[in-house]
Every structure is written in C-alpha cells, then in structure tokens.
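[1] how does the following fold in three dimensions:
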Amino acid sequence: MDVVALHGFLTAAGRSWDSVTVVDAAAHGLRHALNVCRARPAVAVSGADPAELAAGLAGWRRTLTVADESGLSTVDPADAVVRRWVSPGFVLCAADGGWTPTVDGWALPDDGFARRDGMVATAEVRALALARLAPRPGVLVWDVGAGPGAIGVECARLGAAVVAVEQDPVQCVRIIANASAHGVDVRVVESPLSEASDLPRPDAVFVGGGGVDVVRQCARVGAGRIVVATPALDRVVPARDALLEAGYEVEGSQLSAARLTGGTLSAVNPVTVLWGTRKS
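    Alright, predicted model coming up:
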C-alpha cells in the first residue's frame with residue numbers, strides 16, 4: 001500500500017487518518033474488506049475493484065468515494081456497480097450519518113438493551129456465545145431470531161459485520177434502537193430466515209429463536225461456527241443432531257446462574273448453549 005498516495009486521497013476526500021479504518025483488500029481479500037466496510041462508519045480500501053466492493057454492500061447504507069483516472073467521484077453503491085472504472089485506486093466507504101463505535105467490555109448488563117421482559121439473551125449467555133462466535137473485524141455474523149438484537153449488537157461492538165434476522169417488526173425497531181444506543185450498525189432483515197433472500201454468507205451464526213428447522217437452515221449455509229441458545233430442553237438434542245448431520249463438531253453447556261442482588265442470590269432461568277465448529 002502506497003501510504004503517501006493514501007494520505008493524498010484522504011486529504012482530497014476531506015478525511016483525516018484518525019477518522020477512517022484502513023484495509024488492504026489485496027493482502028486480506030475482498031470478503032474481509034467488505035465486512036470491515038459493513039461494520040465501520042468510514043473505511044479506506046486499497047486493492048479492491050469499486051464495482052465488486054459496491055455489489056457486496058447491497059443492503060447497507062453506504063456512499064463510495066473512488067479515485068480513478070477521471071479523478072475523484074462520490075457515488076451510491078448501485079451506481080458504482082454499473083460504472084466502468086479506469087485504473088481505480090483507493091475507495092472510501094462511508095456510512096450515511098456515521099456513528100461512533102465504542103468497546104468498554106462485553107456481556108453488557110441486560111438493562112443496557114431495550115427489550116421485552118425476559119426477551120433478551122442474558123449477560124451470562126452472551127458471554128459464552130461471544131466466546132464461541134469469535135466476532136472480530138473482517139467477519140460477518142448472522143443473529144437469527146434476533147429478538148432485541150443483544151447478541152448482534154455485542155458482535156458489532158467487537159468489530160464484526162452483523163445481519164440480524166427477525167420477523168417481529170416491534171423487535172426490529174428495538175434492534176435499530178439498541179444498535180444506535182451502542183454506536184454500531186446492524187443490518188436488520190424483517191423476515192423469517194426461510195423467506196430472507198440474498199443474504200451474504202456468514203462466518204458465524206447465532207440462533208436465538210426458532211426451532212430445529214431454523215438450525216438446519218443455518219447449518220446448510222456452511223458458516224465456520226454456529227451457536228444455538230435455548231431454554232427448552234426438548235430442543236437440545238434435535239438441534240445437536242441437526243448440527244452433527246451437517247458436519248459440525250458439537251459441544252454444549254447448560255448455564256445456571258444466580259445473581260447477587262443486594263444481600264441475596266436470585267436464580268436466572270437456565271439456558272442450554274450448543275456450539276458447532278465446522279470440520280475442516
């Protein structure tokens with residue numbers, strides 16, 4: 001990467017070094033660069049074809065500023081896909097309005113999320129799920145049956161691109177509110193997973209709602225990691241079997257926590273967490 005040229009590009013685009021994330025698609029691959037663009041408010045990309053980058057941003061509200069032989073152009077991704085770029089250089093991918101992602105720990109308190117009573121993955125469950133999902137910059141996570149989106153928001157805070165799939169419109173509003181409150185961007189798909197189309201392939205999937213059919217659908221996608229959380233014991237074995245049949249190595253744990261409130265311990269409803277790792 002030509003650092004001097006990048007500095008000149010950012011100056012021409014009206015950006016400073018400390019206001020952007022820089023990613024080299026030639027070194028890390030287009031998929032990695034795309035996921036950084038999906039997750040961060042301003043990303044300078046080198047070594048990527050603007051049309052290919054734009055095609056992968058369908059569903060995300062982004063604007064591209066591209067340097068090529070004709071000069072500097074600012075376009076919507078839909079226009080960038082069909083435009084002929086001559087010797088393109090750097091691409092600046094910027095979110096509409098922008099936001100400020102912050103990370104001050106994870107497994108945040110339950111009351112840090114707008115939610116219906118009892119309808120959020122507890123901090124204890126989120127801590128284990130995040131460890132097994134391994135969210136980080138450059139990867140994409142699906143949060144399926146997302147509810148208020150606590151898992152997806154936590155993954156986004158750790159740098160991952162996130163698609164939250166949720167069919168309840170009220171919960172979808174909560175996902176957007178929770179993402180905004182925590183300074184991250186989560187793409188919300190208001191639909192059952194079976195009816196969602198053109199979703200980018202995930203690196204990891206969290207299944208927080210739906211039955212074994214949803215687990216099977218997620219397993220067919222081929223993500224490297226799948227985490228399933230359920231309070232219902234009768235769903236544990238079918239979910240495990242669905243992952244095994246799809247070629248995953250499966251482990252699990254039942255979490256039973258008691259929280260200290262004042263001077264007493266209050267039990268939290270137990271939840272079983274399964275995680276499948278795709279065999280190489």
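[2] list the contacts for the nearest residue to residue 203 once chain neighbours are set aside?
    Leaving aside its chain neighbours, residue 203 sits nearest to residue 139 (4.0 Å; criterion: C-beta to C-beta, 6 or more residues apart in numbering). All C-beta spots, glycine's among them, are computed from the backbone N, C-alpha and C. Applying C-beta atoms under 8 Å, 6 or more residues apart in numbering to residue 139 gives the contacts 35, 160-161, 203-204.
[3] again with residue 201
    By C-beta under 8 Å, 6+ apart, residue 201 lies in contact with 140, 221-223.
[4] circling back: make TSV from the contacts of residue 139 and add secondary structure and neighbour count to it.
    Converted to TSV, the contacts of residue 139 look like this (DSSP: H, G, I helix; E, B strand; the rest coil; neighbours: other C-beta atoms under 10 Å):
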residue	secondary structure	neighbour count
35	helix	27
160	coil	27
161	strand	26
203	coil	21
204	strand	23
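[5] would you list the residues you listed in CSV and tack on pLDDT and distance to residue 170?
    Listed next are these as CSV, based on pLDDT from 0 to 100; distance: C-beta to C-beta, whole Å:
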residue, pLDDT, distance to residue 170
35, 98, 28
160, 98, 25
161, 98, 24
203, 98, 29
204, 98, 26
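[6] can you put those residues in TSV and add distance to residue 229?
    TSV is the format used below for the contacts of residue 139 (distance: C-beta to C-beta, whole Å):
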residue	distance to residue 229
35	23
160	18
161	21
203	18
204	14
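[7] closest one to residue 193 out of these, please.
    The shortest gap between residue 193 and any of those belongs to residue 204, at 15.1 Å (C-beta to C-beta).
[8] run through the strands of the stretch 101-250 of the chain in chain order.
    Counting by DSSP state E, counting those that start in this stretch, the stretch 101-250 of the chain has strands at residues 140-144, 161-165, 187-189, 204-207, 225-230, 248-255.
[9] how about those, which one is nearest residue 217?
    strand 140-144 (8.3 Å).
[10] quick one: the closest one to chain centroid distance?
    5 Å (C-alpha atoms, centre = their mean, to the nearest Å).
[11] show me what that strand is packed up against.
    Here strand 140-144 touches helix 150-157, strand 161-165, strand 204-207, helix 212-221, going by 3 or more C-beta pairs under 8 Å, 6 or more residues apart in numbering; DSSP states H and E.
[12] so where's the chain uncertain?
    117-118, 280 (pLDDT under 70).
[13] among the contacts of residue 201, who's most crowded?
    residue 140 (25 neighbours; other C-beta atoms under 10 Å).
[14] geometrically speaking, which residue is the centre of this protein?
    residue 162 (1.6 Å; C-alpha atoms, centre = their mean).
[15] which ones are touching that residue?
    39, 135, 140-143, 152-153, 155-156, 184-187.
[16] same question for residue 138.
    Per C-beta under 8 Å, 6+ apart, neighbours of residue 138: 23, 28, 31-33, 35-36, 159.
[17] can you tell which of the helices and strands packed on strand 140-144 is closest to residue 80?
    strand 161-165 (18.6 Å).
[18] give me the sheet partners of the closest one and which way each runs.
    strand 140-144 (parallel), strand 187-189 (parallel) (DSSP bridges).
[19] what's the closest of these to residue 274?
    strand 140-144 (13.8 Å).
[20] picking up where we left off before, of the helices and strands packed on strand 140-144, which is nearest residue 11?
    From the helices and strands packed on strand 140-144, taking C-beta to C-beta, the stretch that ends up closest is strand 161-165, at 27.7 Å.
[21] could you check the angle helix 212-221 makes with that closest one?
    150 degrees (axes from the mean of the first three to the mean of the last three C-alpha atoms, to 10 degrees).
[22] can you show me the CA trace of strand 161-165 as CSV?
    Extracted in CSV, the C-alpha atoms of strand 161-165 (Å, rounded to 0.1, in the frame of the first residue of the first chain):
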residue,chain,number,x,y,z
ALA,A,161,-20.3,-7.0,10.5
VAL,A,162,-23.8,-8.2,11.6
VAL,A,163,-27.1,-9.1,9.9
ALA,A,164,-30.0,-9.5,12.3
VAL,A,165,-32.8,-11.6,11.0
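[23] okay, the angle between that strand and helix 150-157?
    Using the same axes, to 10 degrees: strand 161-165 against helix 150-157 is 160 degrees.
[24] quick revisit: dump the helices and strands packed on strand 140-144 to CSV, plus distance to residue 104.
    As requested, those are exported to CSV (distance: least, C-beta to C-beta, whole Å):
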stretch, distance to residue 104
helix 150-157, 9
strand 161-165, 18
strand 204-207, 22
helix 212-221, 30
